[in-house]
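>>> let me see the structure of the following:
(2 chains)
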Amino acid sequence: MLSPDDTINQTQAVLNAENVDIYYGDFLALKGIFLQIPKNKVTAFIGPSGCGKSTLLRCYNRLNDLIPVFRLNGKITYHGQNLYDKDVDPVMVRRRIGMVFQRPNPFPKSIYENITFGAKLNGFKGDYDQLVEESLRGAALWDEVKDKLRQNGMSISGGQQQRLCIARTIALKPDVILMDEPCAALDPISTLKVEELIHQLKEQYTIIIVTHNMQQAARVADYTGFFNVRVTDEGKRQGYLAEHDRTEVIFQDPKEEATKEYVSGRFG
Amino acid sequence: MSGIAGTFMVMAIIPLILILLYLLIQGISSISPSVFVELPPPPMVDGGGFGNAILGTVIMVSIATLISVPIGVLAAIFLSEYSGGQLANWIRFATNVLSGVPSIIIGVFVYGAIVLSFKTYSAWAGGFALSILMLPIIVRTTEEALKLIPQEVRQASVGIGANDFQTILFVVLPAAIPAILTGVTLAIARAAGDTASLMFTALFTQFWPNWENKLAEPTASLAVLVFNFAIVPFKNQQQLAWAAAFILVLLVLLTSVISRLATSKRQF
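Model (predicted):
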């Protein structure tokens, strides 16, 4: 657990957003983000729909590059290196910073190949059987699927699929794992399993999780960022980071009135 | 309402049933092992077969498939994965127009372009004409197949560090293959039964396809054989026309069944 005087600045920041503005075409979707993501901690992004929390998450591994009108001003650094420098290869970024999506999306291949596919792309030379077992154990899925590794990854249950996606991500031995509402499509028992898994994973990985479920943020996150929406003078909705602090502070003693209202369920 | 719909449903499948029954009744009596291996007989002579026409159809449809599948699938990949916008719309429009061009026009075109240039009817010209017929079907069905693959699957692939090329080749295409195969078999069925385009390009012959002359000679096909023999006044040749029609429908049916089997393995 965190000691009470443990502040964000004292822990090492893996990812650092400095005055980030995110545009879709002319539309400023997210404005003025300053945010440090501490190493080997779980950081949750919460906030009402349309506040840009998933958008920011996807900036960390340059997944927004797939959107033609996307544009980012400011800096996001990863261990001091600006991810948006011209000479940074987004493919390499994605191999260090993995992603788990809202809906389980295993590849339509066997469970085994789901794990080995990314490693093959990386030119992995080691023992594939061992990699598969390690990764599946790491995602708390091994015991459930060890006898059906050749079955299609889409034939297992939704909760298992999501843990397969997590296993696929950790097979790349990433540094950071991004999770975009990983439990939104799961039943409560599967959700519990994924949350337990997140607790284990943070020993080795830095995790950022976007969630709509505030109890979930309170349960799994060490730090929480609350994103809010304001309406600009032109009548456009614009997201911003309203408050970022240790999770206990956000949920028990937030500085902003909007945070208090949101976490107490009065809006959003 | 369901009564009316049911009635019309029955009316819709009546033509198929009648054709199959009629061909079965007329054709089955002339089917014997010899029709598969013997050459077409002269008028008024019993026996004989159309082995050369079956072989000719298989050769020309194979040539057409070898030409149209790579071009069609790659064009569809361009439409679905790379281009948005106006260019894609124009290509789609052109594909639709091409699929509406009567096969006799395609035959005349290939006659002018290939038969006159090389000064001979050939299986190559026939195969080329059939490939033009197959191309729009393959482009459209493949594009539909690719669009059925959820965007999340592509993002997952990109998210573990695959580039565009790897994503399409190793994730999207394999997932779409059952649906693409369905389209290819549909196109094959269409090409195997087409007569008009072959009358201008492959013509017909009483002899086996000539491998020594590299197939650069008039080549027999089932469809043209049915046309030729159905309009002569000789009983033995008319009987063979029925038998050939029956075999042709059987071949088409076979490809459809194969495509259904492939389709049943669809994942999306």
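
>>> only C-alpha atoms from now on, for both contacts and neighbour counts.
OK.

>>> for the residue nearest to the spatial centre of chain A, grab phi and psi.
In chain A, the C-alpha nearest the mean C-alpha coordinate belongs to A:Leu178, at 2.3 Å (C-alpha atoms, centre = their mean). Per-residue torsions, A:Leu178: phi -100, psi 140 (degrees, to the nearest 10).

>>> show me the contacts for it.
For A:Leu178, the contacting residues are A:Leu57, A:Ile97, A:Gly98, A:Met99, A:Val100, A:Ile207, A:Ile208, A:Ile209, by C-alpha atoms under 8 Å, 6 or more residues apart in numbering or on different chains.

>>> is it bridged to anything, and to what?
On the basis of DSSP bridges, A:Leu178 is bridged to A:Met99, A:Ile208.

>>> measure it to chain B for me?
From A:Leu178 over to chain B the distance is 10 Å, taken as C-alpha to the nearest C-alpha, to the nearest Å.

>>> from start to finish, how long is stretch B:40-59 in a straight line?
Terminal residues of stretch B:40-59 lie 18 Å apart, using C-alpha to C-alpha, to the nearest Å.

>>> which outside residues touch that stretch?
Taking contacts as C-alpha under 8 Å, 6+ apart, the residues outside stretch B:40-59 that touch it are B:34-39, B:123, B:127, B:192, B:206-209, B:219-222, B:225, B:234-237, B:240, B:244.

>>> surely A:Val14 forms part of a strand?
Yes. A:Val14: assigned to a strand according to DSSP: H, G, I helix; E, B strand; the rest coil.

>>> how far away is it from A:Thr43?
Computed as C-alpha to C-alpha, the A:Val14 to A:Thr43 distance reads 12 Å.

>>> one more: B:Trp90?
B:Trp90 is 47 Å from A:Thr43, by C-alpha to C-alpha.

>>> okay, these two: which has more neighbours?
Between B:Trp90 and A:Thr43, A:Thr43 has the larger neighbour count (other C-alpha atoms under 10 Å in any protein chain shown), namely 27 against 11.

>>> list the contacts for that one?
Contacts of A:Thr43 were listed using C-alpha under 8 Å, 6+ apart, and they are A:Ile37, A:Ile207, A:Ile208, A:Ile209, A:Ala221, A:Asp222, A:Tyr223, A:Thr224, A:Gly225.

>>> before we move on, back to that, now, the most widely separated pair of the contacts of A:Leu178?
The largest separation in the contacts of A:Leu178, counting by C-alpha to C-alpha, is between A:Ile97 and A:Ile209 at 12.9 Å.

>>> buried ones among the contacts of stretch B:40-59?
Buried by 16 or more other C-alpha atoms under 10 Å in any protein chain shown: B:35-36, B:38-39, B:123, B:127, B:192, B:206-209, B:219-222, B:225, B:236-237, B:240, B:244, out of those.

>>> out of those, who's near chain A?
Applying C-alpha under 8 Å from any C-alpha of the partner chain, the subset of these adjacent to chain A is empty.

>>> now go through these and say which are in helices.
Using DSSP state H, B:Val35, B:Phe36, B:Ala123, B:Gly127, B:Ala192, B:Leu222, B:Leu225, B:Asn236, B:Gln237, B:Leu240, B:Ala244 are the members of the buried ones among the contacts of stretch B:40-59 that sit in helices.

>>> residues in chain B within reach of chain A, list them.
Applying C-alpha under 8 Å from any C-alpha, we find that chain B lies next to chain A at B:152-153, B:155-163, B:171, B:175, B:267.

>>> run the last query once more with 7 Å
Within chain B, the residues that sit near chain A (C-alpha under 7 Å from any C-alpha of the partner chain) are B:Glu152, B:Val153, B:Ala156, B:Gly159, B:Ile160, B:Gly161, B:Ala162, B:Asn163, B:Val171, B:Ala175.

>>> so which of those residues is the most crowded?
Neighbour counts for the residues of chain B next to chain A (other C-alpha under 10 Å) peak at B:Ile160, which has 30 neighbours.

>>> could I get the full set of strands for the stretch 1-150 of chain A?
A:13-24, A:27-38, A:42-46, A:70-78, A:81-82, A:97-100 (DSSP state E, counting those that start in this stretch).

>>> what residues does the shortest one touch?
Here strand A:81-82 makes contact (C-alpha atoms under 7 Å, 6 or more residues apart in numbering or on different chains) with A:Lys75, A:Ile76.

>>> run the chain-centre distance for that strand.
19 Å (C-alpha atoms, centre = their mean, to the nearest Å).

>>> mean confidence for the host helix or strand of B:Tyr22?
Element membership of B:Tyr22 [criterion: DSSP states H and E] is helix B:2-28. Mean pLDDT, helix B:2-28: 91.

>>> quick one on the thing from earlier: which residues do A:Val14 and A:Thr43 both contact?
The contact sets of A:Val14 and A:Thr43 overlap at A:Ile37 (C-alpha under 7 Å, 6+ apart).

>>> leaving out sequence neighbours, find the closest residue to B:Trp242.
Closest residue to B:Trp242 apart from its sequence neighbours, by C-alpha to C-alpha, 6 or more residues apart in numbering or on different chains: B:Gly27 at 4.6 Å.

>>> tell me the spacing between that neighbour and A:Met92.
Separation of B:Gly27 from A:Met92 (C-alpha to C-alpha): 65 Å.

>>> which one's more surrounded, those two?
Neighbour totals were compared for B:Gly27 and A:Met92, and B:Gly27 leads with 20 against 14 (other C-alpha under 10 Å).

>>> who's in contact with the more buried one?
B:Trp242, B:Ala243, B:Phe246.

>>> what does B:Ile28 give?
Residues near B:Ile28 by C-alpha under 7 Å, 6+ apart: B:Ala243.

>>> count the neighbours of A:Leu28 for me.
A:Leu28 has 16 neighbours, counted by other C-alpha under 10 Å.

>>> so what's it bridging to?
Bridge pairing for A:Leu28 - DSSP bridges - gives A:Tyr23.

>>> burial measure for A:Lys41, as a count.
A:Lys41: 23 surrounding residues under other C-alpha under 10 Å.

>>> next: the one 4 residues further on.
A:Phe45 has 28 neighbouring residues, counting by other C-alpha under 10 Å.

>>> pLDDT at it, what is it?
Looking at A:Phe45, its pLDDT reads 95.

>>> same question for the one 5 residues further on.
Turning to A:Gly50, the model gives it a pLDDT of 85.

>>> and it, how far from A:Arg230?
In terms of C-alpha to C-alpha, A:Gly50 sits 10 Å off from A:Arg230.
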